[in-house]
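>>> give me coordinates for this.
(chains A and B)
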Protein chains: 2
Amino acid sequence: MASEFEIIEQYFSFSNNNVLASAPASSIVVGVGDDAAWLKLGSEHLLVATDTLVSAVHFPADAEPADVASRALNVNLSDFAAMGAVPQWLTLALTLPDNDEQWLSKFSASLARGCAKYGVSLVGGDTTRGPLTVTFTVMGVPATARTSVASDDPSFTVPSLDGAHCLCRSGAQTGDEVWVSGSLGKGAAALQMITQNHSARAAWPLTDRQRENLHAAFYAPVPQLGLGKALVGVANAAIDVSDGLLADAGHLASQSKVMLELNGDALPMHPALASLSDVALAREWMLSGGDDYELLFTVPKKDHDKVVMLARTAGVACTLIGKVVDCAEYDEKHGESVILNGDGWEKPSASGFKHF
Amino acid sequence: MASEFEIIEQYFSFSNNNVLASAPASSIVVGVGDDAAWLKLGSEHLLVATDTLVSAVHFPADAEPADVASRALNVNLSDFAAMGAVPQWLTLALTLPDNDEQWLSKFSASLARGCAKYGVSLVGGDTTRGPLTVTFTVMGVPATARTSVASDDPSFTVPSLDGAHCLCRSGAQTGDEVWVSGSLGKGAAALQMITQNHSARAAWPLTDRQRENLHAAFYAPVPQLGLGKALVGVANAAIDVSDGLLADAGHLASQSKVMLELNGDALPMHPALASLSDVALAREWMLSGGDDYELLFTVPKKDHDKVVMLARTAGVACTLIGKVVDCAEYDEKHGESVILNGDGWEKPSASGFKHF
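I've put the predicted structure just below:
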């Protein structure tokens, strides 16, 4: 069965690299396949990202409406973080089984709080009858333009137009360091906790504080917007960890036509996973659990210290977890674009997003 | 139970009229509540409209994938027609029960044809697992700017920024003529034909040609983009007839704070309704069937001849169906903002969109 990524690649890339004949002043800088589309509108730049959350697929059917709103919004804003872009506007397509006034009231209050927090305005949308589904489309602009992008490599291909610049998946260069923000495994751990779908294997002791943290990590994941902006002009490529570290590293590698070599021992584990007795399970959650909404990015080796500094300024822990290696061995067909090293580390058989 | 319109009004208007503190160069010209949002991005203008179609609500569960794609795209483009705007880009949020390759292949081929036909590019999206739901978000620009907007009325309030101009629901003026493009009732007739949900009352003879026409009217409704563009600078207000003539006339009247007086005898009936023996039913379909995707617009009396001319140029029949009357009697609470005159014409008890 085709993955989401394969579906998009195969069926929905038909407009990529088109410059519209009917609108010569407008063009597509980055189309289908990155965290957001990057468009040129006359003399301005526009970023657009769409995300859908489906009840009982992306959140439990009995989730609180306030939680559904914050999760849907923040997940979408995470795409903007991965582009180093600044979100401004939002449309909402909301499909609801019935007009539950209480549900709507809580959902909209939470959405209004989220909009205020992140400086975005709800500008339009559509409400329809049907199975609960929330689709946000976020629009915004590149972070403050930087006139020069540091690179010693003449083949450096990250798009930069009129000084505007975003982070794309396609810019990773051989020799780059691979970094990840925050910690991994919390998305899967939270999912496990929330669905209470415990097997004996997955049962593990959690403090009340850890439970709260995991609940927040799932329903209000922090979009790393500040870090993303700070990385513009420094990172060569970025993606947010939504499908799972290995899956997203694979997307970045494929689009950059390179390989990523990751060191399992270096991966930053979320503290809640420490009390999990099954080490293999903890590793699986970190590698392929998904829903972590951290930034995975690559940076020229010479800019190592810059990352350390800007991470400190952004107040976000960033960890060096690997390097970009030559694409000579890159095999697009088999998708083996990520190498996993480290003591006893193995790729889980299933990777990427798991449904409820 | 609250209508879609009431839901949007009550719960999702919290960002309207906000100028973003964090982005002083950007602003919302028209926010939630019109056919599209109208945004200012630096020195450029951006229009955005979102529409969701849900399987078994907006189209039959067994609809052809090519038909689903064309209906979803054209319905969304109709919002742009109602703004007099030019669509350029599109994102797709597609929720599918399974990865049916044949379905995807037909859907995407139809979408590619539609994009080519209307000059829009698919620039991004999201595919998820769940009940079949299609959400398009169309982005574009105002039609060629006109530097002056004709109006003798000093209180004329249609927004016009830097020469850019769109059609809004809120600009209707007392004394305006009310026009509608094309013909009415075809959406409801097509729905009846397609669902074969015939009651004795609704059974009526149709030629093969009429069946084809109705099928096309439902699955590939023609967005009146050319007419919409031509009306910029002429019409004071516009909306597309998607919920039903009376419902949409009510939206336009409410937002313009006026009343519309419509003449039932003047309404242009779709030819397929002529053979329907139940006249009351034919009238109901024209008044509240919805899904007609025609433009309902108001024009200063003095510009009557302009409309006749530009309709001819656009190749779209336009019919004068009423006038805008003083808002002294306007009663927001009861929503009785549309008066229906004509021989034996009565408002149907239920109005607006009907589900499958």
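>>> what ranges does the stretch 1-150 of chain A have for its helices?
A:4-11, A:65-83, A:101-118 (DSSP state H, counting those that start in this stretch).
>>> now, of those, which is deepest in the fold?
For the helices of the stretch 1-150 of chain A, ranked by mean neighbour count under the definition mean count of other Cβ atoms under 10 Å in any protein chain shown, the leader is helix A:65-83 at a mean of 26. Backbone N, C-alpha and C define where each C-beta goes, glycine included.
>>> what mean pLDDT does stretch A:91-99 get?
Here stretch A:91-99 scores 92 as its mean pLDDT.
>>> and that stretch, how far out from the chain's middle?
24 Å (Cα atoms, centre = their mean, to the nearest Å).
>>> buried residues, it. List them.
Within stretch A:91-99, the residues scored as buried using 16 or more other Cβ atoms under 10 Å in any protein chain shown are A:Thr91, A:Leu92, A:Ala93, A:Leu94, A:Thr95, A:Leu96.
>>> which of the residues you listed come close to chain B?
A:Thr91, A:Leu92, A:Ala93, A:Thr95 (Cβ under 8 Å from any Cβ of the partner chain).
>>> so of these, which ones are in strands?
Using DSSP state E, the subset of those located in strands is A:Thr91, A:Leu92, A:Ala93, A:Thr95.
>>> who does the third one form a beta bridge with?
Under the criterion DSSP bridges, A:Ala93 forms beta bridges with A:Asp126, A:Thr135.
>>> what's near enough to touch the spatially closest residue to A:Ser55 that is not a sequence neighbour?
Distance criterion Cβ to Cβ, 6 or more residues apart in numbering or on different chains; nearest residue to A:Ser55, sequence neighbours excluded, is A:Leu132 at 3.7 Å. For A:Leu132, the contact set (Cβ atoms under 8 Å, 6 or more residues apart in numbering or on different chains) comprises A:Val54, A:Ser55, A:Ala61, A:Val68, A:Thr95, A:Leu96, A:Pro97.
>>> what values do phi and psi take at A:Leu132?
phi -50, psi 120 (degrees, to the nearest 10).
>>> do you know how far it is from B:Val316?
The gap separating A:Leu132 from B:Val316 is 39 Å, by Cβ to Cβ, to the nearest Å.
>>> count of residues packed around A:Lys257?
Close neighbours of A:Lys257, defined as other Cβ atoms under 10 Å in any protein chain shown, add up to 14.
>>> so how far is A:Ile7 from it?
21 Å.
>>> about what we covered before: could you dump the helices of the stretch 1-150 of chain A to TSV with distance to A:Leu39?
Output for the helices of the stretch 1-150 of chain A, formatted as TSV (distance: least, Cβ to Cβ, whole Å):
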stretch	distance to A:Leu39
helix A:4-11	17
helix A:65-83	12
helix A:101-118	21
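>>> related to what we said a few turns ago, and which of the contacts of A:Leu132 is nearest to A:Leu273?
A:Leu273 lies nearest to A:Val68 out of the contacts of A:Leu132, by Cβ to Cβ, at 25.4 Å.
>>> confidence score at the residue nearest to the closest one when sequence neighbours are not counted?
Closest residue in space to A:Val68, ignoring its immediate chain neighbours: A:Phe59 at 5.8 Å, by Cβ to Cβ, 6+ apart. Note on A:Phe59: pLDDT of 91.
>>> how about the strands in the stretch 251-356 of chain A?
Along the stretch 251-356 of chain A, counting by DSSP state E, counting those that start in this stretch, strands occupy A:259-263, A:295-299, A:318-325, A:338-341.
>>> what about the last one, average pLDDT?
Mean per-residue pLDDT for strand A:338-341: 94.
>>> just the CA trace of it, in PDB.
Once non-C-alpha atoms are left out, strand A:338-341 reads as follows in PDB (Å, rounded to 0.1, in the frame of the first residue of the first chain):
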ATOM      1  CA  VAL A 338      19.200   6.800   6.300                       C
ATOM      2  CA  ILE A 339      22.000   4.800   8.000                       C
ATOM      3  CA  LEU A 340      21.500   4.100  11.700                       C
ATOM      4  CA  ASN A 341      24.700   3.500  13.800                       C
END
